[in-house]
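# What follows is a predicted structure for the sequence shown.
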Amino acid sequence: MIFLPRKPSPKPFVSSEVETPYAPHGVSTSGLRPEVYPELDEGLDTNGTLWVLIGLGLALSACAPTLSSFKRTLAANDSATAALQQWCATRGIAAPAQIMAESNRKEREEASPAIRAALGVGAEEPLAFRHVRLRCGDTVLSDAKNWYVPARLTPAMNTALETTRTPFGTVVRPLGFHRERLESLRGRAAECPAGTVLSHKAVLRLSDGRGISFVAECYTRGNLAKGSH
């Protein structure tokens, strides 16, 4: 029997013409093989859509825990004002972390039959309307519409709501209200402005169950920003 010498196996071919995606600053390339991607090992700046997608994925995953934490802060408070003040302080959005309400006192919007039913009032019961943007420093955190029952508040509370920038939750805090959550939507509800990341609807009730306020709250992306304070 005659044995012929075996030919050596060819080395794997790696094309030097393959365009290598560029790793954005802050993204580790330690898991990539330098023998396949020598450009990364040498730090060359080449473009590619893969790293764009990776960057977007990292950005989205970074935002998700923040929104979840924000939702937990809201859920832990009956007053949206108190929740936003706590959140503003935690995130360092402004110092001091004080919530102020900007409103157009001339704006009016009739309450729908569904809103009146939720409040437990008839068609003839007077309701007041307040459309506010709640700010912490220069950052708008919430755009909210509020239909409330003046007859269930004190005269001093009604005056404060009509003449000051004090948020509703702060004004009526002495009533010891609790929040009945009706709807929570991640993102923008139909009645909310662009840039809304979370939409809520709720009724604020007295201890005897009577509704004092129906709120439609649109929380802005400003809540996801990390401040410098």
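Yep, it's here. Numbering: from 1, shown residues only.

# C-alpha from now on. contacts and neighbour counts both.
Noted.

# Spatially, what comes nearest to the spatially most central residue of the chain if we skip its sequence neighbours?
For the chain, the residue nearest the mean C-alpha position is Val197 (4.2 Å; CA atoms, centre = their mean). Closest residue in space to Val197, ignoring its immediate chain neighbours: Gly187 at 4.2 Å, by CA to CA, 6 or more residues apart in numbering.

# quick one: contacts for that neighbour?
Thr196, Val197, Leu198, Ser199 (CA atoms under 8 Å, 6 or more residues apart in numbering).

# show me what contacts the residue nearest to the centre of the chain?
Val197 neighbours (CA under 8 Å, 6+ apart): Arg186, Gly187, Arg188, Cys218, Tyr219, Thr220, Arg221.

# and the nearest residue to the third one once chain neighbours are set aside, bridged to which residues?
Read it as Arg188. Of all residues not flanking Arg188 in the chain, Thr196 sits nearest, at 5.0 Å (CA to CA, 6+ apart). Per DSSP bridges, the residues bridged to Thr196 are Thr220.

# Please report how far Thr196 lies from Pro113.
26 Å (CA to CA, to the nearest Å).

# more neighbours, these two?
Between Thr196 and Pro113, Thr196 has the larger neighbour count (other CA atoms under 10 Å), namely 21 against 12.

# Val172 and Pro155 touch, don't they?
No. Judged on CA atoms under 8 Å, Val172 makes no contact with Pro155 at a distance of 11.3 Å.

# The two: which has the busier surroundings?
More neighbours surround Val172 than the other of Val172 and Pro155, with 19 against 10 (other CA under 10 Å).

# Might you list the low-confidence residue ranges for this structure?
Applying pLDDT under 70 to the chain flags the ranges 1-65, 227-229.

# circling back: closest one of the contacts of Val197 to Phe129?
Comparing these against Phe129 with CA to CA places Cys218 closest, at 16.2 Å.

# The closest one: what secondary structure?
Classification of Cys218 using DSSP: H, G, I helix; E, B strand; the rest coil returns strand.

# Touching, it and Thr196? I think so.
Yes. Shown here, Cys218 and Thr196 form a contact pair, counting by CA under 8 Å, at 5.8 Å.

# what residues are shared contacts of those two?
In contact with both Cys218 and Thr196: Arg188, using CA under 8 Å, 6+ apart.

# Can you give me the distance of Leu127 to Pro155?
From Leu127 to Pro155 the distance is 14 Å (CA to CA).

# Oh, that last question was meant for His131, not what I typed.
Distance, His131 to Pro155, using CA to CA: 20 Å.

# Check Gly187 too.
Per CA to CA, Gly187 is found 37 Å from Pro155.

# and Asn146, what are its bridge partners?
With DSSP bridges as the rule, Asn146 is bridged to Arg130, Val215.

# Identify the residues contacting it.
Residues near Asn146 by CA under 8 Å, 6+ apart: Phe129, Arg130, His131, Ser213, Phe214, Val215, Ala216.

# can we see that at 10 Å?
Shown in contact with Asn146 (CA atoms under 10 Å, 6 or more residues apart in numbering): 109, 111, 127-132, 168, 201-203, 213-217.

# can you pull out the strands in this structure?
99-103, 128-136, 139-148, 178-186, 196-205, 211-220 (DSSP state E).

# wait, isn't Ser184 in contact with Ser199?
Yes. Between Ser184 and Ser199 a contact is recorded at 5.7 Å, counting by CA atoms under 10 Å.
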